[in-house]
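K.L.:
give me coordinates for this.
(2 chains)
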Amino acid sequence: MSTLSLQTSKNVLRCKCIVLGNQGVGKTSLVQVFQSDGAQFPKNYNMTINSEVCVKVVNIPDTNASIEMFLHDIAGHECEGASAFVIVYDVTNPESFASMGRWLQIAKRCRVGKQIHGVLVANKADLDLRRSISRQQGEEFAKANKLAQNVDVDAPFYYLSNMFHEHFEAAVKSFSKAEH
Amino acid sequence: MAENITNLRISMVTSGDPRFPAENMLDGTTKTFWASTGLFPQEFIVSLPAYYVIKKVSIWSMKVAGWTVSRSTGDAPFDFDEIYREDIEDAGDQSLQVTSFSISSSDSKREYSAKNVKFTIRKGHSDFTAVHRVAITGEIDASRESERKNKKERDLAADEDELSVGRAVRVH
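P.N.:
Here you go, the predicted structure:
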């Protein structure tokens, strides 16, 4: 008898992704723009009080895989079981940049003994005149923390979805090579 | 006599890639596997072909960090009670974790027979886990099985009675 898993030829992967960063850096906006495919940018600021979770399905091109991204737009305490991180700062706000190390520590604490998959986002880069953290400073921070594997990622959530898919393919490869 | 139960069936699984179906856990080898595809907990239910008093359960897996196993003594896969709960060590990227346990003598339902066993992966050493094989040994519950058979026969007989009544009506 077949089970539900066999009735579909789709491979659905599920990824818990935590969005971290100081208050007001634009975490919720980033998530909403991604979730609505750019159609919705919130014009007014509303502080996120409770944790908000939204799910966005990303199809991986040329495969039968899709990723359900469970996006948690919250403070660090709910990051248990997280697979990916988006750490955000505001280029017009030096304080938010100074806090990056602390957010990174929180992410690391959730992934003890495991690799961290994540993206650093320099948000509000369109506000040229008020910019106080340069691109170079951002890249230096990433390099100093051994995070700089790729720069110029322009779609962080799609980038993470692809990374998660690659990570799964590597995992099943190792599962199939287990010693018996 | 306790025997290795064959004809096990997967009746529920919380995730899966069609390339690595859950049935791979029951094919008697560790060569094939089922892989969970992200998030915890992950669960699957193994249904037994008849009522068995479970004696021993063995699991071959990779990257599982915590198991909970429970069984349902009823007819349907509901009301599971825990028979095993353990955190387990990672065995590395190439070796299987072998988890094996017997039903504890302090288990108040150890003499009860069951038809469904639920396996819960509470957490993982990686985002993804794999289970290569599950084996269950038990003793068939003869009295409950014959009771079930009798009931089935009675039901069949009742159906036949109804059928003949139907025919009789049609004749008129």
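
K.L.:
and B:N150, what are its phi and psi?
P.N.:
The phi and psi values for B:N150, taken as degrees, to the nearest 10, are phi -60, psi -40.

K.L.:
neighbours around it, how many?
P.N.:
Residues within reach of B:N150, counting by other CB atoms under 10 Å in any protein chain shown, total 10. For the C-beta atoms, the positions are set from N, CA and C on the backbone; glycine is no exception.

K.L.:
name the nearest residue to A:G101, sequence neighbours excluded.
P.N.:
A:N145 (7.6 Å; CB to CB, 6 or more residues apart in numbering or on different chains).

K.L.:
can you pull the pLDDT of the residue nearest the centre of chain A?
P.N.:
Nearest residue to the geometric centre of chain A (CA atoms, centre = their mean): A:V86, 3.5 Å. Note on A:V86: pLDDT of 93.

K.L.:
return the residues in contact with it.
P.N.:
If you count contacts by CB atoms under 8 Å, 6 or more residues apart in numbering or on different chains, A:V86 has them with A:17-20, A:27, A:30, A:118-119, A:121, A:156-157, A:160.

K.L.:
let's go with 10 Å and repeat that
P.N.:
Remark: with contacts taken as CB atoms under 10 Å, 6 or more residues apart in numbering or on different chains, A:V86 is in contact with A:17-21, A:27, A:30-31, A:34, A:71-73, A:103, A:107, A:118-121, A:156-157, A:159-160.

K.L.:
where does it fall, helix, sheet strand or coil?
P.N.:
Assigned state for A:V86: strand (three-state reduction, DSSP: H, G, I helix; E, B strand; the rest coil).

K.L.:
the strands in the chain, which residues?
P.N.:
Since no chain was named, I'll use chain A. Across chain A, reading from the start of the chain, the strands by DSSP state E fall at A:11-21, A:52-59, A:65-73, A:84-90, A:117-123.

K.L.:
let's do chain B instead
P.N.:
Using DSSP E, the strands of chain B run over residues B:3-4, B:9-13, B:34-35, B:42-62, B:64-72, B:81-87, B:97-102, B:114-124, B:130-140.

K.L.:
will you turn those strands into a markdown table that also has distance to chain A and mean neighbour count?
P.N.:
Conversion of the strands of chain B to a markdown table gives the following (distance: least, CB to the nearest CB, whole Å; neighbours: other CB atoms under 10 Å in any protein chain shown):
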| stretch | distance to chain A | mean neighbour count |
| --- | --- | --- |
| strand B:3-4 | 18 | 12 |
| strand B:9-13 | 5 | 19 |
| strand B:34-35 | 5 | 28 |
| strand B:42-62 | 6 | 21 |
| strand B:64-72 | 10 | 21 |
| strand B:81-87 | 14 | 14 |
| strand B:97-102 | 10 | 16 |
| strand B:114-124 | 7 | 21 |
| strand B:130-140 | 4 | 21 |
